[in-house]
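J.: output the structure for:
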Amino acid sequence: MSSLFATSSAALAAEAAQTERHRRLGQGWGQPLTPDAQGRLPVVSGPEKVRQAIFTILDTEPGERVMRADFGCGLRRFLMQPNNPGTRAGIERVVTQALVRWEPRIRVIEVQVLSTDDPALVHIDLHYAHVLDGRQDVLVYPFYLEQR
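T.: Model prediction:
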């Protein structure tokens with residue numbers, strides 16, 4: 001009986017720790033803002049909320065937000081640029097700067113911009129750690145240099 005109690009206590013403690021982690025990482029509407037079948041907006045929390053915030057930073061061009069005109073990454077300046085080491089280095093620089101500035105819940109470990117078989121497409125590989133607990137995560141963001 002005590003073994004069962006210890007197991008359930010450990011499970012409850014682990015669940016409580018995860019709930020606390022999700023609370024501290026944040027909670028809010030999921031993206032994109034599209035209602036579900038019942039007309040409700042989805043709510044996300046924890047690491048998924050951080051991940052969506054990173055996508056928002058990468059997708060936003062400075063000047064788009066009225067109340068925070070300097071928010072964003074500015075990837076659109078690389079549209080129609082050649083897929084060469086100079087362009088990829090510029091993308092790495094602006095992504096790193098934007099994430100360091102706008103997402104305090106993470107520590108950027110490495111940003112790599114990798115060419116693909118498609119000359120118009122690069123993959124932005126972002127390796128980061130959550131400041132809260134050091135857990136590492138990876139996000140791959142496809143970015144088209146040319147309109148398809």
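
J.: switch to C-alpha atoms for all contacts and neighbour counts from now on
T.: Fine.

J.: quick one: the strands in this structure?
T.: 27-29, 43-45, 106-115, 121-130, 136-144 (DSSP state E).

J.: mean confidence (pLDDT) on the first one, please.
T.: The pLDDT scores in strand 27-29 average 70.

J.: using a markdown table, lay out the strands of the chain together with mean neighbour count.
T.: Listed next are these as a markdown table, based on neighbours: other Cα atoms under 10 Å:
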| stretch | mean neighbour count |
| --- | --- |
| strand 27-29 | 14 |
| strand 43-45 | 16 |
| strand 106-115 | 18 |
| strand 121-130 | 19 |
| strand 136-144 | 16 |
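
J.: of these, which approaches residue 60 most closely?
T.: Comparing these against residue 60 with Cα to Cα, the closest turns out to be strand 136-144 (13.0 Å).

J.: other SSEs contacting the closest one?
T.: The helices and strands touching strand 136-144, judged by 3 or more Cα pairs under 8 Å, 6 or more residues apart in numbering; DSSP states H and E, are strand 121-130.

J.: what pairs with the strand it packs on, and is each one parallel or antiparallel?
T.: Counting by DSSP bridges, the strands paired with strand 121-130 are strand 106-115 (antiparallel), strand 136-144 (antiparallel).

J.: mean pLDDT and distance to residue 91 for these - can I get that in JSON lines?
T.: Formatted as JSON lines, the strands paired with strand 121-130 follow (pLDDT from 0 to 100; distance: least, Cα to Cα, whole Å):
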{"stretch": "strand 106-115", "mean pLDDT": "97", "distance to residue 91": "7"}
{"stretch": "strand 136-144", "mean pLDDT": "96", "distance to residue 91": "10"}
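
J.: reformat those strands as CSV; add distance to residue 38.
T.: Supplementary listing: the strands paired with strand 121-130 in CSV, determined by distance: least, Cα to Cα, whole Å:
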stretch, distance to residue 38
strand 106-115, 34
strand 136-144, 30
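
J.: make CSV out of the strands of the chain and add distance to residue 35.
T.: Output for the strands of the chain, formatted as CSV (distance: least, Cα to Cα, whole Å):
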stretch, distance to residue 35
strand 27-29, 10
strand 43-45, 10
strand 106-115, 29
strand 121-130, 29
strand 136-144, 24
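
J.: looking at those, spot the one closest to residue 87.
T.: strand 106-115 (9.2 Å).

J.: residues of stretch 46-60 that come out buried?
T.: 46-47, 49-50, 52-54, 56-60 (16 or more other Cα atoms under 10 Å).
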